[in-house]
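Asks: Build me a model:
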Amino acid sequence: MVMAAGAAVGGVRAVAAERATEGGGSGGAAAVTTAEFEENLRLQVYLDGAGFGPGVVDGRQGEFTRKAVAAWNVAHGVSDVDDLTQVTAEAAREVTTLYAAYAMKAGDFKFVTRGLPSKPEEQAAVKYLGYRSAAELVAERFHTTEAVVARLNPKTNLGALKAGVVLKVPNVTPFEIEAVPSQRAWKEDPVLSRHAVLINVRHKTAAIYNAEGDLMALFPITPGREKFIPYGEWTLSSMISTPVFRWDKQLLEQGKRGTTAHLLPPGPNSPVGVLWAGTTRPGIGLHGTAAPETIGRSQSAGCIRFTNWDAIRLPTLLRPGSRVIVK
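Replies: Okay, here's the model as predicted:
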């Protein structure tokens with residue numbers, strides 16, 4: 001399948017969640033001590049596993065970690081959405097092992113596309129838009145950055161990884177690219193299709209509610225450029241993994257389908273990542289990304305971008321038929 005680019009929920013709970021997603025900046029690039037790094041990392045690992053995505057797990061208490069804490073507090077009935085007491089205690093209780101060991105496998109390297117071109121017309125000629133390096137694969141697998149992987153493995157040459165090399169990584173549930181089904185289409189579901197997602201453009205978050213209006217999850221997102229943002233209410237119309245992407249310069253820049261386009265193959269470095277969830281607004285969907293570190297800090301052409309590790313969770317929370325509210 002080829003994918004083209006391009007009301008209140010839960011009453012009081014929606015108001016609380018909006019308050020929860022108000023926040024400051026990204027947290028800056030100030031150095032953190034090892035103790036601070038590990039305290040922040042533990043909190044992020046816990047939030048990530050609980051469905052309140054902090055963005056990249058990088059040991060910094062930045063904007064999206066704070067928003068994840070606030071949303072977690074809303075979901076757990078904590079009146080002060082900025083209070084870290086309960087969620088920190090829960091993180092200490094649940095994340096007893098902060099790091100995991102990952103041994104590189106020979107099979108990992110088939111998902112690496114060395115010399116992956118950056119121009120769409122050149123990408124259309126390759127068979128797979130894989131990772132540019134094994135280090136990039138490891139970073140995405142463990143919801144982090146190559147800089148964090150390097151920090152945790154100072155004696156390892158990340159540019160020369162091979163099968164058998166063991167790396168220290170954050171102890172998150174790994175995003176396994178090899179487990180992503182090829183071209184799987186998800187259908188309507190009697191429970192999940194009644195769920196809704198509230199896209200808050202200003203706060204760059206996607207809050208997911210069940211049919212009773214309870215906040216279930218929250219993820220950081222990158223919304224589209226203002227002139228293309230599909231404000232209003234839509235419905236999920238399709239959901240497919242590893243899509244082929246129709247890269248259309250005119251559509252991306254002007255919002256109108258052009259006569260010239262390039263069909264880009266699947267892969268984690270596809271512009272739409274590993275999943276596309278189309279809506280009843282033509283050309284607009286929820287999807288993954290090739291650049292997880294830019295989530296929430298840049299603009300997409302018109303759609304709603306998630307990290308790949310968050311995008312692949314969407315079929316467990318939403319299905320075709322779910323409401324998509326963009327405000």
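Asks: List the contacts of the longest helix along the chain.
Replies: Ranked by number of residues, the top helix in the chain under DSSP state H is helix 34-50. With contact meaning CB atoms under 8 Å, 6 or more residues apart in numbering, helix 34-50 is reached by 32, 53-54, 57-61, 65, 68-69, 72, 84, 87-88, 90-92, 94-95, 98, 143, 170-173. For glycine as for every other residue, the C-beta is placed from the backbone atoms N, C-alpha and C.
Asks: Of those residues, select the buried ones using a ChimeraX command.
Replies: Here is the ChimeraX selection string for the buried members of those, based on 16 or more other CB atoms under 10 Å:
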select :32,53,54,57,58,59,60,61,65,68,69,72,87,90,91,95,143,170,171,172
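Asks: Now intersect the contacts of helix 34-50 with the helices, please.
Replies: 65, 68-69, 72, 87-88, 90-92, 94.
Asks: Using a markdown table, lay out those residues together with distance to residue 205.
Replies: Output for the ones in helices among the contacts of helix 34-50, formatted as a markdown table (distance: CB to CB, whole Å):
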| residue | distance to residue 205 |
| --- | --- |
| 65 | 12 |
| 68 | 9 |
| 69 | 13 |
| 72 | 13 |
| 87 | 17 |
| 88 | 21 |
| 90 | 21 |
| 91 | 20 |
| 92 | 25 |
| 94 | 23 |
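Asks: where does this protein have low pLDDT?
Replies: Residues of the chain meeting the criterion pLDDT under 70: 1-30, 248-256, 258, 298-302.
Asks: all strands of it, in order?
Replies: With DSSP state E as the criterion, the chain has strands at 2-4, 99-103, 166-170, 196-200, 205-209, 215-220, 232-235, 240-241, 244-247, 262-264, 275-278, 285-287, 304-305, 323-326.
Asks: surely residue 54 meets residue 68?
Replies: Yes: the pair residue 54 / residue 68 is scored as a contact, 4.5 Å apart, by CB atoms under 8 Å.
Asks: what's the spacing between residue 170 and residue 221?
Replies: 21 Å (CB to CB, to the nearest Å).
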